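S.K.: quick one: sequence and predicted model below, then my questions.
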Amino acid sequence: TTTRIRNKLKGNLAQIGDFVLSNSKITLLIGGNSRFDERGNLLAVYNNFTLENILKRYSMFIRKKEVFFAEYNKIKIITRGGSGIPSSIMTTGNIKEHENIIVTTTYSLNESDTFVKVDTTLINKGQKITEEFSIGDIAFWNSEDIFIPDSNSGDLLFKTVPCTWSAAFLDNISCGIFPTIGRAECTVGTNWTESIYRRIDNLGETPITFQRNLIVGNGDTASLQKVDDFYRGVKKKGIYGKIIEDKSPIENAKVFFYQAKDRPLGFTKSDENGNFFVETDQKPFQIRAFDKGRNPTNFITIPPELTKLEITMEKRGKALFQIFDNTDKLIPAKLIFEHQNKTIADLTIYSDDGKGEIFLPAGKYTVTVTHGLEYSVDSSEILIESGNVTQFTSKISKLIHNHGYFSCDVNQHSENSIDSIIKLKDRIISNVAEGLDIFVSSDHDKIADYKVDIEELKLTDSIKSIKGIEIASESFGNFTIFPVEINENNFAIENQ
């Protein structure tokens with residue numbers, strides 16, 4: 001269906017006057033400031049000067065080229081959907097720096113699809129542009145896990161690579177941009193934003209259209225690729241597999257498949273029975289399994305004749321810890337686990353009560369324990385064995401006595417900001433572990449109130465919060481203001 005929002009929605013998902021395309025599976029919000037996360041399949045088409053200026057700065061820094069944004073000033077419902085007819089909305093505008101370039105974008109969503117068809121057409125009503133020109137999207141994924149197939153995922157930052165599609169994913173949801181004709185290029189600007197675009201020889205009065213699908217998946221790339229293959233009418237063979245630990249299935253393990261090492265083509269996840277299916281027309285190929293708390297498997301080469309595979313992963317090790325202060329009381333702390341094998345990334349966890357447990361791959365670790373600048377640092381070595389439990393304690397002492405002073409951080413972002421994925425409760429716990437007394441919320445153009453979350457975590461005696469906001473200017477620079485209050489009556493004034 002196609003809907004215009006006329007009433008206030010709870011939270012920061014949309015505003016009055018926004019348009020929504022939706023079916024039983026996904027929702028597309030046009031004209032708002034939202035994003036996708038585990039709580040709902042929400043795709044957003046951003047249209048405000050704050051985001052535009054931020055992305056323009058990043059793009060100019062990375063690509064060293066001037067970036068222009070379409071400014072849509074008209075929006076029209078083409079079809080409202082239902083009875084086999086897609087929901088469709090068309091936006092029309094131009095490029096502010098080149099007013100003679102008319103931009104029209106159409107968004108279409110069928111009743112049962114998990115993708116939105118997006119067509120952007122440019123027509124130049126003025127002098128023909130003959131220099132290098134590209135058309136595409138900047139994806140503000142709000143996720144640090146960006147995936148570009150057949151690329152070294154560990155070395156994408158600030159790089160431009162050819163691509164057939166790109167995606168990002170969180171635990172239970174993934175989103176991808178799939179150009180429907182030919183190849184494109186991707187430039188990764190930060191660990192949560194990228195651009196995907198196609199070069200154009202010249203731009204005259206002949207319309208140029210960039211067609212792509214925004215696809216929503218289940219937290220992996222395989223579910224995205226399956227939709228794209230179906231759209232293109234491509235049928236692929238594959239291999240069925242199962243991941244186990246001592247004959248017990250492993251759920252939600254990630255199985256990456258490769259044409260060459262360190263250049264994955266995609267990945268899928270195992271179900272509750274440990275089963276997975278890798279669908280690819282590349283044979284032979286290699287696969288490798290990953291799971292939290294375990295060492296990854298070696299690369300496994302899949303010959304063309306193989307159709308079934310069973311993968312055994314090592315048992316996880318568990319660490320139980322308690323952190324004490326110099327009075328032998330449990331104290332919140334930040335713990336950093338550094339594996340002796342440098343290819344395994346360091347793991348940082350936060351405890352708001354000084355105790356906890358964590359699953360880890362087997363091996364020797366150096367554990368560093370801290371509680372902010374006022375306390376000592378403790379470091380020790382532990383051994384984690386597969387299938388076993390390791391218990392350890394740590395002790396840190398207060399070194400700086402801040403009589404009459406508070407430890408405070410006046411600039412903190414959360415999931416309410418366009419550049420952060422940190423949940424409010426996780427931010428509170430990490431602040432307590434870091435030894436802060438007070439912190440100020442400073443999300444981009446959003447006011448976050450942590451009071452309720454602090455109360456739910458029962459940490460009111462440990463930390464206090466102040467409501468603030470970081471406001472972007474129309475030119476350059478941001479301004480952080482605190483304290484501020486939320487005025488519920490000023491809901492839809494952002495565009496005034």
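M.R.: Great, that's in hand.
S.K.: all strands for the stretch 251-400 of the chain, in order.
M.R.: Taking DSSP state E, counting those that start in this stretch, the strands of the stretch 251-400 of the chain run over residues 254-260, 263-269, 275-279, 285-290, 300-302, 308-312, 317-324, 333-339, 347-351, 355-360, 363-370, 378-384, 389-395.
S.K.: switch those over to a markdown table; also include mean neighbour count, mean pLDDT and distance to residue 29.
M.R.: Every C-beta, even on glycine, is put in place using the N, C-alpha and C of the backbone. Shown next, in a markdown table, are these (neighbours: other C-beta atoms under 10 Å; pLDDT from 0 to 100; distance: least, C-beta to C-beta, whole Å):
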| stretch | mean neighbour count | mean pLDDT | distance to residue 29 |
| --- | --- | --- | --- |
| strand 254-260 | 20 | 87 | 29 |
| strand 263-269 | 22 | 89 | 27 |
| strand 275-279 | 18 | 91 | 31 |
| strand 285-290 | 19 | 91 | 33 |
| strand 300-302 | 16 | 89 | 41 |
| strand 308-312 | 13 | 92 | 40 |
| strand 317-324 | 20 | 95 | 42 |
| strand 333-339 | 20 | 95 | 36 |
| strand 347-351 | 18 | 94 | 32 |
| strand 355-360 | 16 | 93 | 37 |
| strand 363-370 | 18 | 95 | 41 |
| strand 378-384 | 15 | 95 | 45 |
| strand 389-395 | 15 | 96 | 46 |
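S.K.: any chance of TSV for those strands, columns distance to residue 462?
M.R.: Shown next, in TSV, are the strands of the stretch 251-400 of the chain (distance: least, C-beta to C-beta, whole Å):
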stretch	distance to residue 462
strand 254-260	36
strand 263-269	37
strand 275-279	43
strand 285-290	35
strand 300-302	48
strand 308-312	44
strand 317-324	14
strand 333-339	13
strand 347-351	12
strand 355-360	15
strand 363-370	16
strand 378-384	20
strand 389-395	19
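S.K.: which of these sits closest to residue 127?
M.R.: Distances from residue 127 to each of these were compared using C-beta to C-beta; the shortest belongs to strand 263-269, at 42.4 Å.
S.K.: which of the helices and strands in the chain ranks last by mean pLDDT?
M.R.: Every helix and strand in the chain was compared by mean pLDDT, DSSP states H and E; the lowest is strand 42-46, with a mean of 36.
S.K.: still on that earlier bit, so which of the strands of the stretch 251-400 of the chain comes closest to residue 94?
M.R.: Comparing those by their distance to residue 94 (C-beta to C-beta), the top pick is strand 263-269, with 37.4 Å.
S.K.: quick one, the closest one and strand 285-290 angle?
M.R.: For strand 263-269 and strand 285-290, the angle between their directions (axes from the mean of the first three to the mean of the last three C-alpha atoms, to 10 degrees) works out to 50 degrees.
S.K.: okay, the angle between strand 263-269 and strand 254-260?
M.R.: 160 degrees.
S.K.: list the neighbouring strands of strand 263-269 plus their orientation.
M.R.: Each strand that strand 263-269 pairs with, and the sense of that pairing, follows from DSSP bridges: strand 254-260 (antiparallel).
S.K.: gap between residue 448 and residue 397?
M.R.: 34 Å (C-beta to C-beta, to the nearest Å).
S.K.: and the two? which has more neighbours close in?
M.R.: Using other C-beta atoms under 10 Å, the more surrounded residue of residue 448 and residue 397 is residue 448, with 23 against 13.
S.K.: residue 175 looks like it's in a strand, true?
M.R.: Yes: according to DSSP: H, G, I helix; E, B strand; the rest coil, residue 175 belongs to a strand.
S.K.: quickly list what it is bridged to.
M.R.: According to DSSP bridges, the partner residues bridging residue 175 are residue 168, residue 216.
S.K.: look at it and report its pLDDT.
M.R.: Note on residue 175: pLDDT of 89.
S.K.: again with residue 464
M.R.: In this prediction residue 464 is given a pLDDT of 95.
S.K.: what's across from it in the sheet?
M.R.: For residue 464, the residues forming beta bridges with it (DSSP bridges) are residue 438.
S.K.: thinking residue 68 is in contact with residue 98, fair?
M.R.: Yes: with the criterion set as C-beta atoms under 8 Å, residue 68 and residue 98 qualify as a contacting pair; they are 6.6 Å apart.
S.K.: list the residues that contact both of these two?
M.R.: With contacts taken as C-beta atoms under 8 Å, 6 or more residues apart in numbering, not a single residue reaches both residue 68 and residue 98.
S.K.: sec struct for the nearest residue to residue 117 once chain neighbours are set aside, please.
M.R.: When the adjacent residues along the chain are set aside, residue 117 lies closest to residue 108, with 4.4 Å between them (C-beta to C-beta, 6 or more residues apart in numbering). What three-state DSSP gives for residue 108 is strand.
S.K.: tell me the contacts of residue 429?
M.R.: Counting by C-beta under 8 Å, 6+ apart, residue 429 touches 350-352, 457, 459.
S.K.: which element is it on?
M.R.: helix 424-433 (DSSP states H and E).
S.K.: what's the answer for residue 228, then?
M.R.: Mapping residue 228 onto the secondary structure by DSSP H and E places it in helix 222-232.
S.K.: one more: residue 103?
M.R.: Residue 103 is located in strand 98-109, with elements delineated by DSSP H and E.
S.K.: for that strand, what is the distance to the chain centroid?
M.R.: The chain centre lies 27 Å from the centre of strand 98-109; the measure is C-alpha atoms, centre = their mean, to the nearest Å.
S.K.: which SSE is immediately downstream of it?
M.R.: Reading on from strand 98-109 to the C-terminus, the next helix or strand found by DSSP H and E is strand 115-124.
S.K.: tell me which strands that following strand pairs with, and in which orientation.
M.R.: Strands adjacent to strand 115-124 in the sheet, as given by DSSP bridges, are strand 98-109 (antiparallel), strand 208-217 (antiparallel).
S.K.: roughly how far is it from the heart of the chain?
M.R.: When distances are taken as C-alpha atoms, centre = their mean, strand 115-124 is centred 24 Å away from the chain's centroid.
S.K.: kindly report the same for stretch 100-111.
M.R.: Here stretch 100-111 is found 25 Å from its chain centre; the criterion is C-alpha atoms, centre = their mean.
S.K.: avg pLDDT for that stretch?
M.R.: Computed over stretch 100-111, the mean pLDDT rounds to 89.
S.K.: which residues does it contact?
M.R.: Stretch 100-111 has contacts (C-beta under 8 Å, 6+ apart) with 21-24, 26, 28, 30, 45, 70, 72, 78, 81-82, 84, 86-95, 116-127, 203.
S.K.: how about low-confidence regions in the stretch 101-250 of the chain?
M.R.: 129-132, 142-144, 152-158, 189-193 (pLDDT under 70).
S.K.: kindly recompute the last result at 80.
M.R.: Filtered on pLDDT under 80, the stretch 101-250 of the chain yields the residue ranges 126-134, 138-145, 150-160, 170-171, 181-183, 187-195, 197-205.
S.K.: ok now stretch 291-311, how far from the chain's centre?
M.R.: The gap between the average C-alpha position of stretch 291-311 and the chain average comes to 27 Å, counting by C-alpha atoms, centre = their mean.
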